[in-house]
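**Student:** Okay, predicted coordinates and the sequence, questions at the end:
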Amino acid sequence: MEKITIRAFRAVDEPELCRIYAEEHARVLTDIGVSTVVKYDDAWIKDSETIVFVALHERLGMVGGIRLQRARPDVPMPMEIALEAIEPELKPVLEQLADAGNAELGALWNAHRFAGKGVPFLLIAAAVATSSQVNLNHMVCFVAEYIAPYCSAVGFRNIPSVGRQGEFDYPLAGMKSHVMVIPDIRSIVLAGVQLRHRILSMRMRPKQTHFETPKRETMQVEYDLLLDPASQSYRALEVTFRRFAA
């Protein structure tokens with residue numbers, strides 16, 4: 001049985017892991033032929049508001065990753081930069097969401113040496129679970145069409161007021177992508193029932209081991225999603241979980 005660890009950390013705390021992430025992501029973009037279209041920006045590595053999620057394999061090293069970037073007035077979100085020339089309606093939508101606490105989930109990649117195992121789905125779910133540690137109310141994403149069903153499963157829905165009901169031809173003609181949002185990241189009521197329970201479990205216990213079957217094969221997944229062990233918010237979650245378990 002394959003074993004992986006899904007770990008969350010603030011980008012500024014792990015520069016070496018960020019370097020590996022950047023190299024692996026760039027390699028995947030090159031392999032699928034969009035490296036000259038999708039502009040790569042490594043400013044996130046020094047951003048204290050960026051949270052990184054990586055999948056670490058016991059033999060193959062880092063095999064997947066995704067990032068969560070918090071919305072701020074002085075820092076445009078990656079999707080805004082990507083679509084600013086073709087979708088002027090996106091900026092005011094994002095500004096409205098930012099007022100209540102918003103972040104963009106993006107830069108998802110999965111190494112070809114460990115493809116077809118469902119790692120992207122596990123990374124997305126882990127990010128949604130970890131959002132409770134950084135006080136968000138919304139989460140947005142801009143994803144390829146084949147990733148959109150994974151996002152829908154955890155509660156994302158297309159934003160109908162932009163593009164073609166949230167759909168764009170990007171990054172190349174004939175390649176569809178979706179702008180999506182989770183309207184209430186705290187309750188995730190739009191997620192499937194079983195998956196919602198899994199995400200809530202990861203929120204209450206950010207460090208746990210679970211057997212996951214995102215595709216045909218079952219994997220042993222060790223989750224290490226605790227960002228700030230000494231924080232008051234985590235201690236409150238821990239007390240809640242103990243009461244629930246009792």
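**Tutor:** Received, thanks. Residues are numbered from 1 along each chain as shown.
**Student:** okay, CA-based contacts and neighbour counts for the rest of this
**Tutor:** Noted.
**Student:** any idea how far the closest residue to N102 other than its chain neighbours is from R7?
**Tutor:** Spatial nearest neighbour of N102, excluding adjacent residues (C-alpha to C-alpha, 6 or more residues apart in numbering): H138 at 4.7 Å. Between H138 and R7 the computed distance is 22 Å (C-alpha to C-alpha, to the nearest Å).
**Student:** Which parts of this structure are helices?
**Tutor:** Assigned by DSSP state H, the chain shows helices spanning 15-31, 78-83, 90-98, 119-130, 148-153, 193-204, 232-245.
**Student:** okay, those helices in TSV with distance to V52 and mean neighbour count next?
**Tutor:** Output for those, formatted as TSV (distance: least, C-alpha to C-alpha, whole Å; neighbours: other C-alpha atoms under 10 Å):
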stretch	distance to V52	mean neighbour count
helix 15-31	8	16
helix 78-83	15	16
helix 90-98	20	16
helix 119-130	9	23
helix 148-153	17	18
helix 193-204	16	17
helix 232-245	19	12
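**Student:** Any chance of those in TSV with mean pLDDT as columns?
**Tutor:** Shown next, in TSV, are those (pLDDT from 0 to 100):
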stretch	mean pLDDT
helix 15-31	91
helix 78-83	92
helix 90-98	92
helix 119-130	98
helix 148-153	96
helix 193-204	95
helix 232-245	49
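**Student:** can you tell me which of the ones you listed comes nearest to H112?
**Tutor:** Nearest of these to H112, taken as C-alpha to C-alpha: helix 15-31 at 7.7 Å.
**Student:** what packs against the closest one?
**Tutor:** Contacts defined by 3 or more C-alpha pairs under 8 Å, 6 or more residues apart in numbering; DSSP states H and E place helix 15-31 against strand 61-70, strand 103-110.
**Student:** Please convert those strands to CSV, extending it with mean neighbour count and distance to S152.
**Tutor:** Supplementary listing: the helices and strands packed on helix 15-31 in CSV, determined by neighbours: other C-alpha atoms under 10 Å; distance: least, C-alpha to C-alpha, whole Å:
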stretch, mean neighbour count, distance to S152
strand 61-70, 23, 17
strand 103-110, 22, 13
